[in-house]
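> need a structure here:
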Amino acid sequence: MNRIDRLFGILTLLQSRKYITAEKIAERFDMSVRTVYRDIKALAEQGIPVSFEQHKGYYLVQGYFLPPVSFNMDEANALLLVESLVNGFADNSIRTHYSTALTKVKAVLKTGQKEKLETLNQHIKLQIPERLNFNFEYLSLIQHAIAEKHLIELDYKNNKEEVSRREVEPIGLIFYAFSWHLIAWCHYRNEYRDFNLTRIICLKNLGIPFKKTQHMPLSEYMHLLPVNY
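Below is the predicted model:
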């Protein structure tokens, strides 16, 4: 990657994160931290408002936006392939949002690129088992609740077909055993619980902040999963 492409890549990365460390930038672009310092200085010299906060990293001053991003064919093809995976493994809410996002991507492609993308689209298919047909609309709502640290109320049907209402603090989503699972602190059980999304009857974001101040990292909960697939 030449330096111009790398500088643009760093700028795009800065815009996509609230903060990012020099070490993370170096890892992303396979270069030394010293080179990151030089590149950040070069961006600043070009009038890009890059700032730094101790223990957090670099960030773009609020209010700065890049013009519409252009995509090369390899990047567009990758997004097209992911569309098949989204359609197969996500729910209706994520399918809708991804479709909207992909439409915006296609809008900035050149005419020739659009034609190639449409042709390629006819040659990518995904055979999905019927059991993976997720017709609920929970994933997007749960993502918002996780990001905002808001309580969720849900009606849940267990393996015995018993229905209960729970108030939970969501810490993450995990796809395992061919289904999406919400991992959350349950106020009713007073412990972390695993809720299979296919067994949720209804769900809503209460808009109320978490009551528990500290939560287990989702990566740590992964070690407690009953299966490894």
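
> so where's the protein shaky on pLDDT?
Along the chain, the model assigns pLDDT under 70 to residues 65-70.

> just give the closest residue to residue 199, not the sequence neighbours.
Using CB to CB, 6 or more residues apart in numbering and skipping residues adjacent in sequence, the residue nearest residue 199 is residue 157, 5.0 Å away. Any C-beta I mention is one placed from the backbone N, CA and C, and that applies to glycine too.

> I figured that neighbour was touching residue 197, is that so?
No: using CB atoms under 8 Å, residue 157 is not in contact with residue 197, being 11.6 Å away.

> circling back to that earlier point, need the contact list for the residue nearest to residue 199.
163, 199-201 (CB atoms under 8 Å, 6 or more residues apart in numbering).

> run the last query once more with 6 Å
Counting by CB atoms under 6 Å, 6 or more residues apart in numbering, residue 157 makes contact with 163, 199, 201.

> look up how far residue 136 lies from the first one.
Residue 163 sits 16 Å away from residue 136, going by CB to CB, to the nearest Å.

> can you check residue 12 too?
Applying CB to CB, the value for residue 12 to residue 136 is 33 Å.

> which one of the two has more residues nearby?
Set side by side, residue 12 and residue 136 show more neighbours around residue 136, with 16 against 11, by other CB atoms under 10 Å.

> and that one, how far from residue 145?
Using CB to CB, residue 136 is found at 15 Å from residue 145.

> same question for residue 61.
29 Å.

> domain parsing for this protein?
The chain breaks down by the TED database into domains covering 3-60, 73-123, 138-223.

> let's have these in JSON lines, adding distance to residue 130.
Listed next are the domains of the chain as JSON lines, based on distance: least, CB to CB, whole Å:
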{"stretch": "domain 3-60", "distance to residue 130": "36"}
{"stretch": "domain 73-123", "distance to residue 130": "11"}
{"stretch": "domain 138-223", "distance to residue 130": "11"}
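
> how about the spatially most distant residue from the centre of the chain, what does it touch?
Largest separation from the mean C-alpha position in the chain: residue 160, at 33.0 Å (CA atoms, centre = their mean). Shown in contact with residue 160 (CB under 6 Å, 6+ apart): no residues.

> what's the helix or strand for it?
Under the criterion DSSP states H and E, no helix or strand holds residue 160.

> any idea how far residue 102 is from residue 83?
Going from residue 102 to residue 83 by CB to CB gives 6 Å.

> residue 61 and residue 145: who's more crowded?
residue 145 (23 against 9).

> how about the strands in the chain?
Shown for the chain, the strands assigned by DSSP state E span residues 50-53, 57-60, 150-157, 163-176, 179-186, 191-196, 200-209.

> separation between residue 17 and residue 185?
27 Å.

> now for the nearest residue to residue 85 once chain neighbours are set aside, how many residues are close by?
Closest residue to residue 85 apart from its sequence neighbours, by CB to CB, 6+ apart: residue 126 at 7.0 Å. Around residue 126 sit 12 other residues, with neighbours defined as other CB under 10 Å.

> for residue 113, what are its contacts?
Going by CB under 6 Å, 6+ apart, the list of residues near residue 113 reads residue 73.
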